[in-house]
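Colleague: got a sequence here, can you build the structure:
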Amino acid sequence: MPIDYSKWDHIDDSDDDESETYETSAVPRVTRLDAPSQVTFGGCGDNDVINIQQSTSAALPTNSPVVTNASSAEQSGATTMTTSVAKASVNETKTWVQHGGMVTTDQDRKLYWCQDRYSIVLRLELKPEEKVSRVTVDGILSHRDRHTAMGTHKQHLKCVGKSGTTDTVLLEGDLPHPVHLAEDDEGVDWSIVRDSHNTRYLLITMYKAVPMLGVFLWWKRPLMEFTEVDIEGDHKKTAASQEFLSAWEEAHKMFREKRQQEQSKGGPSS
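Modeller: Here you go, the predicted model:
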């Protein structure tokens, strides 16, 4: 039987998989929600916000980065969100020591620490039912002063727990480098989290202060009492040590020149 080739021009050769990927790529996918969490759907009504509280099951690791989606105007057309929860990986602690490591405190507690260019995160192992009452950093800089960190004064971290009616120091020591508060915050960012085995940790997030905008400082230890680790190989592409030293020297030079100008205008200080 002869083949009618005239119908071939009307064949749709589009790839459904590609089309589906394109259509859904603009919709944010949430792979994990750390309780308590909040999901905001598109729209401007109060009913568009859903609060998610802690469940009774074992909590998932809380090491996912915070992702900021498009602006409210761009989200106005979004009406659905696909949520899936991934099983905790046996290697979850690998992300807890990224560009950092794990040390043991004088109280025989495990202290995991990791960092990126802007922040450093500590995870301190807690005993069952142990409570945390406060976390402070003496001398912490304000958000406004985050790019003017100068001097040799060491800030002091102190984590206090409570056993019955008695305060107990969980972790204490000098920070190797200065940190600053998050914008609009008045205290250190901390919370209690659990891993896939239901072990509790004190999670502390601190934000790196630097001498000038554009300088990034990689920590070699979480507190001064611990031995430095060699992380230079992890940052050869992003923060070569020579580039940092040059920027640091330039920052000090600018600072000294600024002080001299201020003293010249105001005269010698009394």
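Colleague: where does the stretch 1-150 of the chain dip in pLDDT?
Modeller: For the stretch 1-150 of the chain, the stretches with pLDDT under 70 are 1-91.
Colleague: recalculate using a threshold of 90.
Modeller: In the predicted model, the stretch 1-150 of the chain carries pLDDT under 90 at residues 1-94, 128-130, 150.
Colleague: so which strand or helix has Val135?
Modeller: Secondary structure from DSSP states H and E places Val135 in strand 131-138.
Colleague: please name every helix or strand in contact with that strand.
Modeller: Contacts defined by 3 or more Cβ pairs under 8 Å, 6 or more residues apart in numbering; DSSP states H and E place strand 131-138 against strand 156-163, strand 189-194, strand 200-208. In this view, the C-beta of every residue, glycine as well, is placed from N, C-alpha and C.
Colleague: for Leu170, find the nearest of the ones you listed.
Modeller: strand 156-163 (4.4 Å; Cβ to Cβ).
Colleague: tell me how many other residues crowd the residue nearest to Lys158 when sequence neighbours are not counted.
Modeller: Leaving out its chain neighbours, the residue that sits closest to Lys158 by Cβ to Cβ, 6 or more residues apart in numbering is Glu172, at 4.8 Å. Here the number of neighbours of Glu172 (other Cβ atoms under 10 Å) works out to 15.
Colleague: list the contacts for Glu172?
Modeller: His156, Leu157, Lys158, Cys159 (Cβ atoms under 8 Å, 6 or more residues apart in numbering).
Colleague: same question for Leu141.
Modeller: Counted by Cβ under 8 Å, 6+ apart, Leu141 has contacts Thr148, Ala149, Pro178, Val179, His180, Leu181, Ala209.
Colleague: same deal with Met254?
Modeller: Contacts of Met254 by Cβ under 8 Å, 6+ apart are Met212.
Colleague: let me see the ranges of the helices in the stretch 51-200 of the chain.
Modeller: 72-75, 93-96 (DSSP state H, counting those that start in this stretch).
Colleague: skip the chain neighbours and tell me the closest residue to Asp230.
Modeller: Lys220 (7.5 Å).
Colleague: helix, strand or coil: sort out the one you found for me.
Modeller: coil (DSSP: H, G, I helix; E, B strand; the rest coil).
Colleague: from Gly100, how far out is it?
Modeller: From Lys220 across to Gly100, the span is 9 Å (Cβ to Cβ, to the nearest Å).
Colleague: which neighbours do these two share?
Modeller: Val229, Ile231.
Colleague: ok, these two, which is more surrounded?
Modeller: Neighbours per residue, other Cβ under 10 Å: of Lys220 and Gly100, the larger number sits with Gly100, 23 against 16.
Colleague: and which of the contacts of Leu141 is nearest Ser163?
Modeller: Val179 (27.7 Å).
Colleague: what number of residues lie near that closest one?
Modeller: 21.
Colleague: is it in contact with Ser142, as I believe?
Modeller: No: Val179 is not in contact with Ser142 according to Cβ atoms under 8 Å; the separation is 11.1 Å.
Colleague: if we can go back for a sec, which other residues reach the strand holding Val135?
Modeller: Counting by Cβ under 8 Å, 6+ apart, 126, 155-163, 167, 170, 175, 179, 187-188, 190, 192, 202, 204, 206 sit against strand 131-138.
Colleague: ChimeraX command to pick out the buried ones of those residues?
Modeller: Typed into ChimeraX, the next command selects the buried ones out of those (criterion: 16 or more other Cβ atoms under 10 Å):
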select :126,155,156,157,159,160,161,170,175,179,188,190,202,204,206
